[in-house]
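Chemist: Generate coordinates for the sequence data below:
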Amino acid sequence: MGGAVGEAYTNPLASSGMPPEAVVAREAIQNSVDAHAEGVEKVAVDFVSRALEGSDKERFAAAAGLNSIAARSDRLGFRDPNCIANLGDGNVPLRLLYVSDHNTTGLAGNPSDPASKFYRFLLTLGDGGKEHSEHGTGGSYGYGKSVYSSNSGIQTIFAYSRTTDKSGSPISLLFGCGYYRKHDHFDRTFTGRAWFGHDETPSFVDAQPVVEPLINEEADLLAERLGFEKRSSTDLGTTVLIIDSLLATDGILSGVEDWWWPRLISHKLDVKIVSEDGSELFPRPRKREHLQPFLDAFDIAAGKSPPNNRTAFYKALGKSEGSVGLSVLHQQEDGEFLVGEARADAVALIRSPMMVVAYHRAWNVGSPAMVGAFIASDVIDDVLRAAEPPAHDRWDADARRLQDQSGEKKESVRRVLSGIRRAVKNSQKTASPPPPPRPKRLTLLERTLASFLTPSKMGTRPKPETASAPIHLTYDKEPRAHADGEGLRLAATFAVRMKSEESAEPMRLRLKVTCPVIEDGYVGDTLKVDIIADVDLQPDADDPEWKVFLLPPNGSAKFQCETESYDPLWTVRFVPEVEAVGETEL
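Modeler: Numbering: from 1, shown residues only. Next up, the predicted model:
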């Protein structure tokens, strides 16, 4: 049972950049999905949190052998604080997290066989056996196990599994593991890898330690003392107990919803989360506003919702690489997107386990902003799996495991990623209006000067006297299109304010906002624009298209504008105009 030092089992996923609860949700469920029973697509995973105090805590500590850890805890590399410091204080809760799966195979195989699931899950690190022997799995590095011990304050876990032996008869297994720092104790050097089971080490000097798991009735009895729910002979699966858990159940719920929604909405995964107070939580991705745009895109990519090529788009990549669904994002009143800034224009990368590998965006956010979902085909699934690092959080075309004589695997990954980018940008060309006019800051328009040079016709009322306009116009929210049924609307918010050096007198201004349709480079019909202002707008007697208002001294006027719905194939231009007139009374 030699090999890597104990700390190696807790480090591989420690720097993934995600909240630890999200990492646990991703990796724990992926382990269970990979272990699904033959002929069964739907697995169930429970996360049950408990807090033990008083005599319950004392009995658990004795059953788990935690007192034996305390003797050398100062050398084992534990986080501070941890449960060992308060092990004898019944008033300080000992927090436990049980992660159970059902409809899986459990840790099948002879526990002493290095090829068995028991051995590979608990006793090896970096075993890539799944990559070579199993198609369509999520994991392939053998690092997923580290997600359990790395979220224990004392890096200690137990695993209880109901499975079958090589003859197909049901058996129970229980085994404890500690993944600690390499250290010296009583003039001996220890690797930091500790096991809880039956010591079967040979008696000769320097023999490699051999520890076997508890089996059947013995395993069931100790599992009950450790708080595991006893499994029936037909309830195959594995429960991992994280001692001194550092995880919050609400964070686990968010992690499950954020990363496993494709499998949840496809009815191939059930998840239940139980808090310390006994309340039950269930993931509901379709009720999460920040996820709904991605779910819409997924339905398009899966062929469940038809594209309209205006606000919803479908693109097939290559002959057999997969499909992309894209959906135009709705913008909120504050100018933000429900999905958040980091995921605007992002595409959820999905392959056969139906976990979101990443929300991928390797480009600047376009207009209109979109979100998407890419569903990889079975043909390329194994290549994309090989492109993933241990954290399974991206597809890397330069991954070492993609090396082959022809370079075709690397090229396949590059084709997928570039094809996704092309799908987004080409779709935005169809649905996107041009960028807002520049500069954003405007002064008196040239037309004002022309009004001085052009004589008025006889019999017409002269236009109001114009004056130079010491004002600024700035956008609070730049013009941006958002979906409206099968059409688009363009919305913008801007403010007009005086220059700081001007006098503190109110200023009489007039405003016109237009949004013409651009046809073959020429200005066509103008869309109706609704304006909401925080100042009183009155029609200009000489030109009703203009609205007159008073700009308060040392203040500003804000205008929220939105066009009528228009065809997504049209190109439109948002044009605000403001100019001063000489009188100060309305």
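
Chemist: Now name the helix or strand holding residue 298.
Modeler: Here residue 298 sits within helix 292-301, counting by DSSP states H and E.

Chemist: Mind giving me the packing neighbours of that helix?
Modeler: Contacts defined by 3 or more CB pairs under 8 Å, 6 or more residues apart in numbering; DSSP states H and E place helix 292-301 against helix 249-265, strand 312-317, strand 322-328, strand 347-350, strand 370-376. (Glycine included, C-beta is placed from N, CA and C.)

Chemist: looking at these, which is closest to residue 232?
Modeler: Among the helices and strands packed on helix 292-301, the nearest to residue 232 by CB to CB is helix 249-265 (25.6 Å).

Chemist: How far away from the center of its chain is that closest one?
Modeler: Averaging C-alpha positions (CA atoms, centre = their mean, to the nearest Å) puts helix 249-265 9 Å from its chain's average.

Chemist: residues contacting residue 18?
Modeler: Neighbour list for residue 18: 26, 255, 393 [criterion: CB atoms under 8 Å, 6 or more residues apart in numbering].

Chemist: Out of these, which is nearest to residue 320?
Modeler: residue 393 (24.9 Å).

Chemist: Apart from its neighbours in sequence, what residue is nearest residue 314?
Modeler: Using CB to CB, 6 or more residues apart in numbering and skipping residues adjacent in sequence, the residue nearest residue 314 is residue 307, 4.1 Å away.

Chemist: Does the one you found touch residue 313 like I think?
Modeler: Yes. Counting by CB atoms under 8 Å, residue 307 touches residue 313, with 5.2 Å between them.

Chemist: Let me have the helices and strands packed on helix 292-301 in JSON lines, extended by mean pLDDT, distance to residue 121 and mean neighbour count.
Modeler: Formatted as JSON lines, the helices and strands packed on helix 292-301 follow (pLDDT from 0 to 100; distance: least, CB to CB, whole Å; neighbours: other CB atoms under 10 Å):
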{"stretch": "helix 249-265", "mean pLDDT": "97", "distance to residue 121": "20", "mean neighbour count": "22"}
{"stretch": "strand 312-317", "mean pLDDT": "94", "distance to residue 121": "35", "mean neighbour count": "21"}
{"stretch": "strand 322-328", "mean pLDDT": "96", "distance to residue 121": "30", "mean neighbour count": "25"}
{"stretch": "strand 347-350", "mean pLDDT": "98", "distance to residue 121": "25", "mean neighbour count": "26"}
{"stretch": "strand 370-376", "mean pLDDT": "97", "distance to residue 121": "26", "mean neighbour count": "26"}
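
Chemist: how about TSV for those, with distance to residue 295 added?
Modeler: Below are these laid out as TSV (distance: least, CB to CB, whole Å):
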stretch	distance to residue 295
helix 249-265	6
strand 312-317	13
strand 322-328	9
strand 347-350	9
strand 370-376	8
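
Chemist: Please give the centre-to-centre distance between stretch 251-270 and its chain.
Modeler: 11 Å.

Chemist: So for residue 293, which of the helices and strands packed on helix 292-301 sits nearest?
Modeler: Between residue 293 and the helices and strands packed on helix 292-301, the shortest gap by CB to CB is with strand 370-376, which sits at 4.6 Å.

Chemist: which residues sit against the closest one?
Modeler: Contact with strand 370-376 is made by 262, 293-294, 297-298, 300-302, 313, 317, 321-329, 339, 343-352, 360, 384, 416, 420, 423-424, 427-428, 431, as judged by CB under 8 Å, 6+ apart.

Chemist: Recalculate using a threshold of 6 Å.
Modeler: Strand 370-376 is contacted by residues 293-294, 297-298, 301, 322-328, 339, 345, 347-351, 384, 420 when judged by CB atoms under 6 Å, 6 or more residues apart in numbering.

Chemist: what's the answer for stretch 545-554, then?
Modeler: The contact list for stretch 545-554 (CB under 6 Å, 6+ apart) reads 504-512, 535, 537-538, 540, 557, 586.

Chemist: CA atoms only for stretch 514-527, dumped as PDB, please.
Modeler: Output of stretch 514-527 as PDB, limited to C-alpha atoms (Å, rounded to 0.1, in the frame of the first residue of the first chain):
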ATOM      1  CA  THR A 514     -34.600  59.000 -33.300                       C
ATOM      2  CA  CYS A 515     -33.800  55.500 -34.300                       C
ATOM      3  CA  PRO A 516     -33.800  55.100 -38.100                       C
ATOM      4  CA  VAL A 517     -33.500  51.800 -40.000                       C
ATOM      5  CA  ILE A 518     -30.400  51.700 -42.100                       C
ATOM      6  CA  GLU A 519     -31.100  50.200 -45.500                       C
ATOM      7  CA  ASP A 520     -28.100  49.600 -47.900                       C
ATOM      8  CA  GLY A 521     -26.200  52.400 -46.200                       C
ATOM      9  CA  TYR A 522     -29.100  54.900 -46.400                       C
ATOM     10  CA  VAL A 523     -31.300  56.200 -43.600                       C
ATOM     11  CA  GLY A 524     -34.800  54.700 -43.900                       C
ATOM     12  CA  ASP A 525     -37.900  54.900 -41.800                       C
ATOM     13  CA  THR A 526     -37.600  55.800 -38.100                       C
ATOM     14  CA  LEU A 527     -38.800  53.600 -35.300                       C
END
